[in-house]
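Chemist: Have a look at this prediction, sequence included:
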Amino acid sequence: MDEIILMRKLKRKDEWALGKIIDLYSSYITCIVWELLHKKGTKEDIEEVVADTFISLWLTAERINYKKYSSVKSYLGMIARNKAKDWLRAYRGEILELNDDILLIDGNVEHLILQKEQQLIIGRTLEKLRETDRKIFIMYYYRYKKIEEIAETLKMNPQTVKTRLRRGRETLKRILLEEGYDASEV
């Protein structure tokens, strides 16, 4: 069945569509979660995060952006990765490294190589930022902290945090463009 049709049925809270998606992608989601948790979590932990992924899909189905996520598989992969990271943070106090974001989502090795290359460039770029700007960028994009939380932690005005995030994004975009990435990829 066409994934767009499945996504539309899911958006209308069609339980059959959820069941079909679980049948189609549970092993894929289990692989993603296992890759991130197998060194720290138990089999039950992995199963719990997989279940949380499908629950999250169900709860957010009406908000799926069809233009951004043209497939259920890519959307589920993003949810699974975030749920696994949340588990690591919450239960193990795991400090995630920047390269933990790289996963082979679509089975395309060329895409994975490009992702790893971009991650290295992002890491080098972050090293060029001022220490406070780097902390803000990492807290927001890698630790999923809210602007207000970052401002409170760093004892800054929330507007200053927003400004520094914008400046960090602009610097990152400029460097990626200098490295030869197409503007649509950035």
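Modeler: Here it is on my side, so go on. As the structure is a prediction and not an experimental result, all values here were calculated from the model.

Chemist: ok, longest helix in this protein?
Modeler: Scanning the chain for the helix with the most residues, using DSSP state H, yields helix 15-37.

Chemist: contacting residues around the following helix or strand past that one?
Modeler: Sequence-wise, the next helix or strand downstream of helix 15-37 (DSSP states H and E) is helix 43-60. With contact meaning C-beta atoms under 8 Å, 6 or more residues apart in numbering, helix 43-60 is reached by 10, 13, 18, 21-22, 26, 29-30, 33-34, 37-38, 41, 72, 75-76, 79-80, 83-84, 87, 91. For every residue, glycine as well, the C-beta is placed using N, CA and C.

Chemist: Return the set of buried residues in helix 43-60.
Modeler: The neighbour-count check on helix 43-60 (16 or more other C-beta atoms under 10 Å) flags 45-46, 48-50, 52-54, 57-58 as buried.

Chemist: hey, which helix or strand in the protein has the poorest pLDDT?
Modeler: Lowest on mean pLDDT, DSSP states H and E among the helices and strands of the chain sits helix 109-128, with a mean of 70.

Chemist: neighbours of Val72, just the number please.
Modeler: 20 (other C-beta atoms under 10 Å).

Chemist: and it, what is it in contact with?
Modeler: Shown in contact with Val72 (C-beta under 8 Å, 6+ apart): 3, 6-7, 10, 21, 24-25, 57.

Chemist: Need the per-residue pLDDT for Glu3.
Modeler: As predicted, Glu3 sits at a pLDDT of 77.

Chemist: Next one: it from Thr160, what distance?
Modeler: From Glu3 across to Thr160, the span is 42 Å (C-beta to C-beta, to the nearest Å).

Chemist: What are the contacting residues of the host helix or strand of Arg134?
Modeler: Using DSSP H and E, Arg134 sits within helix 131-141. Contact with helix 131-141 is made by 98, 126-127, 129, 145, 147, 149-150, 153-154, 161, 164-165, 167-168, as judged by C-beta under 8 Å, 6+ apart.

Chemist: Could you point out the helix or strand that follows that helix?
Modeler: As assigned by DSSP H and E, the chain's next helix or strand after helix 131-141 is helix 147-154.
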